[in-house]
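Engineer: next input, structure requested:
(chains A and B)
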Amino acid sequence: MDQFTRAGEPIVELSGVEVRAGNRVLVTGIDLSVSDGEIVTLIGPNGAGKTTLIRAALGLVRPSAGTSRRRTGARIGYMPQRLTIDRNMPLTVRRFLGLAGTFEPGKRKQVLEETGIAGIIDNPVHDISGGEWQRTLLARALLSEPDLLVLDEPAQAVDLTGQAELYRLIGEIRDRRRCGVLMVSHDLHLVMSSTDQVVCINTHLCCAGTPDTVSRDPSYVALFGESVAETMALYHHNHGHTHGVDGSIVHEHGHERRHG
Amino acid sequence: MNTDTNVVMDDFLVRAVLAGMGVAAVTGPLGSFVVWRRMSFFGDTLAHSALLGVALGLLLGIDLTVGVLAVAVVAAILLLGIERRTGLAMDTVLGILSHGTLALGLVAVAFMERVRFDLMGFLFGDIFAVTTADIAWIYGGGALVLALIAYLWRLLLSATVHADLARAEGVPVDRVNLVFLLCLALVVATAMKVVGILLVAAMLIIPAATARPYSRTPERMAVFAVIIGWLSVAGGLGLSFAADTPGGPSIISFGLLLFALTTGLMTLRQRRSGG
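Structural biologist: Now for the predicted structure:
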């Protein structure tokens, strides 16, 4: 394999993936790929199979149909959803990072600096805030110098300002490391500015594309309801018109009834 | 005979202390994992299945520890399979099997009426009757378990914190968990002689839970649990020897006392500091 073909090859590629639990179909017919330096966001309602798909991408679950391939030699950093540590297990942030393997001295401090929380390295994991904990998990995912970051709802249990900061940090990490990012998120409006591709699923693939196209896709609107889709439209794009709170069309040049 | 009394007494006391200390040295770290993994009911179920192992051993005329070990290993693997395959909540499955196997065991040993057999000794332990062979089992098995746990330490901790994250980082989680269960089965089989089938789980959990508030790292918790286990054994045997109370229950009672004292102290201190 020469350098050139390797560079063009996606880090992870799912095609026609179906995963079943017994007879129940968790996801079906999903195509998805992440290349170097690309941020792909997976959205969908609860129970849509987002975490299942993430597990298939990581190779933790075998698809019942279709293929899930990872580029040979690709290192993957994983940040799982809702990781809580039993209060009965005493663990400092330093030790928690150490569970990922053996790394050269200073490495743990370095990844914590990268996520902006080097100061809490010796704190017990139970005594840090939700935002600090998510950054600790992100730091652990960075330890292996990953080619791909797989982040399952990285901003959960983080307050609204913290969420925006966290997504900005993820964007910065991608810019600095040129790694691919596959993440799950509930709130498209928060990740919109920092994501390249959005894949919207509800067991099956609903729609995929740039954040802009997806937020206007009828199947996306149907899935999340008019109001969510509108919030997003208001938040992000100003193309010609936008919708007022009552659903009426408000023209850009017209008068800003929605603020009234 | 009379002149030998002292020697005999010293002898069984020495064996009791050796057995108790040996068991506590292993239940400390293993019990810590049982607490972290919320498996106390699981340990209880394994222990209760041991009586079936006793019946099997008597039936086949083999070493009872081997019988108990065999049944505990089978039970551990079955439990793992049941958890994966049935939709039942794990605590329901364990609730059924924990008492189910105990009942089965009691019925099974009742058929062994030809054999002179001390049921109470199995249920509550008979630490003053441990033989040199029992001590060999405790120390041989204990050394093996401690070596395995030490070797797999990081992988075990990682799998305990989050199975999928550990898998994604290359830990062979299923194999690590299987080794852990086999260790648990071995400890149950060897600790049975000391504290008895009904109290094995307590020996796993009480020292570990007592150690928790004083530990900042998992390693320290495991070591503290061993020390607290040793104190319990010393205190319990002292009580038993002085007041002629049963050995196993005395050890556990002493452990409970330590737990109550240290937890009470901790709560008081926290309240005073306004926490």
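
Engineer: so A:Ile85 belongs to a helix, correct?
Structural biologist: No - counting by DSSP: H, G, I helix; E, B strand; the rest coil, A:Ile85 is not part of a helix but coil.

Engineer: mind checking pLDDT for the nearest residue to B:Leu119 once chain neighbours are set aside?
Structural biologist: Sequence neighbours aside, B:Val109 is the residue nearest to B:Leu119 in space, at 6.5 Å (criterion: Cβ to Cβ, 6 or more residues apart in numbering or on different chains). For every residue, glycine as well, the C-beta is placed using N, CA and C. Among the per-residue scores, B:Val109 shows a pLDDT of 85.

Engineer: what of A:Gly247?
Structural biologist: A:Gly247 carries a pLDDT score of 46 in this model.

Engineer: how about the residues of the stretch 51-200 of chain B by chain A?
Structural biologist: Taking Cβ under 8 Å from any Cβ of the partner chain as the contact definition, the stretch 51-200 of chain B meets chain A at B:154, B:157-158, B:160-162, B:164-170.

Engineer: what is the burial count for the residue in the stretch 1-150 of chain B positioned nearest to chain A?
Structural biologist: With Cβ to the nearest Cβ as the measure, B:Trp36 is the residue of the stretch 1-150 of chain B nearest to chain A, at 4.4 Å. B:Trp36 is surrounded by 23 other residues when neighbours are defined as other Cβ atoms under 10 Å in any protein chain shown.

Engineer: please, which helix or strand holds the nearest residue to it once chain neighbours are set aside?
Structural biologist: Setting aside the residues directly before and after it, B:Trp36 is nearest to A:Met89 in space (Cβ to Cβ, 6+ apart), at 4.4 Å. Following DSSP states H and E, one finds A:Met89 outside all helices and strands.

Engineer: pLDDT below threshold where in the stretch 151-260 of chain A?
Structural biologist: Within the stretch 151-260 of chain A, the segments meeting pLDDT under 70 span A:225-260.

Engineer: please, where are all the strands along the stretch 1-150 of chain A?
Structural biologist: Counting by DSSP state E, counting those that start in this stretch, residue ranges of the strands within the stretch 1-150 of chain A are A:12-21, A:24-34, A:39-43, A:65-70, A:76-79, A:148-152.

Engineer: let me know which of those is the nearest to chain B.
Structural biologist: When those are ranked by distance to chain B, counting by Cβ to the nearest Cβ, first place goes to strand A:76-79 at 4.0 Å.

Engineer: relative to that closest one, what are the paired strands and their orientations?
Structural biologist: Taking DSSP bridges as the criterion, strand A:76-79 pairs within the sheet with strand A:148-152 (parallel).

Engineer: gap between B:Gly236 and B:Thr92?
Structural biologist: Here the criterion is Cβ to Cβ, to the nearest Å. By it, B:Gly236 lies 33 Å from B:Thr92.

Engineer: same deal with B:Leu204?
Structural biologist: On the measure of Cβ to Cβ, B:Leu204 and B:Thr92 end up 22 Å apart.

Engineer: between B:Gly236 and B:Thr92, which has more neighbouring residues?
Structural biologist: The residue with more neighbours, out of B:Gly236 and B:Thr92 and counting by other Cβ under 10 Å, is B:Gly236; that gives 26 against 10.

Engineer: residue contacts, the more buried one?
Structural biologist: For B:Gly236, the contact set (Cβ atoms under 8 Å, 6 or more residues apart in numbering or on different chains) comprises B:Gly20, B:Gly247, B:Ser250, B:Ile251, B:Ile252, B:Ser253, B:Phe254, B:Gly255.

Engineer: among those residues, which are in helices?
Structural biologist: With helices identified by DSSP state H, the entries of the contacts of B:Gly236 that belong to them are B:Gly20, B:Gly247, B:Ser250, B:Ile251, B:Ile252, B:Ser253, B:Phe254, B:Gly255.

Engineer: could you give the mean pLDDT of the one helix or strand B:Gly53 maps to?
Structural biologist: If you go by DSSP H and E, B:Gly53 is part of helix B:40-60. The pLDDT scores in helix B:40-60 average 88.

Engineer: again, but for stretch A:18-28
Structural biologist: For stretch A:18-28, the mean per-residue pLDDT is 91.

Engineer: could you tell me the end-to-end distance of that stretch?
Structural biologist: End-to-end distance for stretch A:18-28, by Cα to Cα, to the nearest Å: 4 Å.

Engineer: right, is it up against chain B?
Structural biologist: No - remark: stretch A:18-28 sits outside contact range of chain B, by Cβ under 8 Å from any Cβ, the gap being at least 9.6 Å.

Engineer: just the buried residues of that stretch, please?
Structural biologist: A:Glu18, A:Val19, A:Val25, A:Leu26, A:Val27, A:Thr28 (16 or more other Cβ atoms under 10 Å in any protein chain shown).
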